[in-house]
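Asks: Build me a model from this:
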Amino acid sequence: MGTGQRRKATYADLEAVPPHLVAELVDGELYTSPRPASPHARAAGKLYSRLDGPFDQGAGGPGGWLLLFEPELHLGENVLVPDIAGWRRERMPVMPQVVGFTLAPDWVCEVLSPSTAVLDRKKKMKVYAREGVRHLWLVDPLRQELEVHALDGGHWKTLGTHTGQAQVHAEPFTPLRLELGLLWQR
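Replies: Numbers count the residues shown, from 1 in each chain. Okay, here's the model as predicted:
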């Protein structure tokens, strides 16, 4: 008779997932999700393009960041794929040529989809906190909402929830006035 315990998923399990799915390992479980629908893809793309120039390239902004779209993060036994992640250049002066990054980012952004929202809000947020990610944004394109969180004593503190067409200065990118309406444009 079996013990009823499930086998921990491995990286080999992740690699066996068909390429049209996004695969992640969170606390020993394999999660797969379809590629993002258009509102999700649009919000992530617009946000990345808005942050890249001033923060990664230093064009019209302070620079000092390395930003990546959908990087594979190897954080302990977890393999996560946030929509966007950023490292301060003082922590990652040169981007390594790797498949998976083992240095936790300073900031992550998860764009919520109906199929991923629970995983992003519950399990992935816990991993990000445990690994010391300092800032987390949750973007919900269907609700037209941005939640800004900062790590405080190992727990997430909500700094603000912004909706609709608001213009915000959100940590850690406070020099930028982010026009949320651009993320929801059709």
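Asks: Quick check, pLDDT for the nearest residue to residue 104 once chain neighbours are set aside.
Replies: Using C-beta to C-beta, 6 or more residues apart in numbering and skipping residues adjacent in sequence, the residue nearest residue 104 is residue 131, 4.1 Å away. C-beta here means a position set from N, CA and C on the backbone, and glycine is covered the same way. Note on residue 131: pLDDT of 97.
Asks: Tell me who's in contact with residue 131.
Replies: Residue 131 makes contact with 75, 76, 104 under the criterion C-beta atoms under 8 Å, 6 or more residues apart in numbering.
Asks: Please, where are all the helices along the chain?
Replies: Here the chain has its helices, by DSSP state H, at 11-15, 38-51, 117-119, 125-130, 181-184.
Asks: Please tabulate those in JSON lines, including the columns distance to residue 168.
Replies: JSON lines is the format used below for these (distance: least, C-beta to C-beta, whole Å):
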{"stretch": "helix 11-15", "distance to residue 168": "35"}
{"stretch": "helix 38-51", "distance to residue 168": "12"}
{"stretch": "helix 117-119", "distance to residue 168": "21"}
{"stretch": "helix 125-130", "distance to residue 168": "20"}
{"stretch": "helix 181-184", "distance to residue 168": "11"}
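Asks: Now render these as a markdown table, adding distance to residue 138 and mean neighbour count.
Replies: Output for these, formatted as a markdown table (distance: least, C-beta to C-beta, whole Å; neighbours: other C-beta atoms under 10 Å):
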| stretch | distance to residue 138 | mean neighbour count |
| --- | --- | --- |
| helix 11-15 | 24 | 12 |
| helix 38-51 | 11 | 18 |
| helix 117-119 | 9 | 15 |
| helix 125-130 | 8 | 19 |
| helix 181-184 | 12 | 17 |
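Asks: Quick one, which of those helices gets closest to residue 32.
Replies: Within the helices of the chain, the stretch nearest residue 32 is helix 11-15; the backing value is 9.0 Å (C-beta to C-beta).
Asks: now what about the closest one, what contacts it?
Replies: For helix 11-15, contacts defined as C-beta under 8 Å, 6+ apart pick out 23, 24, 25, 30, 79.
Asks: Okay, and which of those map to strands?
Replies: When DSSP state E is applied, the contacts of helix 11-15 are split such that 23, 24, 25, 30, 79 fall in strands.
Asks: The contacts of helix 11-15 into CSV, with extra columns for pLDDT and distance to residue 173?
Replies: Formatted as CSV, those follow (pLDDT from 0 to 100; distance: C-beta to C-beta, whole Å):
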residue, pLDDT, distance to residue 173
23, 95, 29
24, 97, 25
25, 96, 29
30, 96, 33
79, 98, 26
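Asks: Dihedrals phi and psi, residue 154?
Replies: The phi and psi torsions at residue 154 (degrees, to the nearest 10) take the values phi 80, psi 0.
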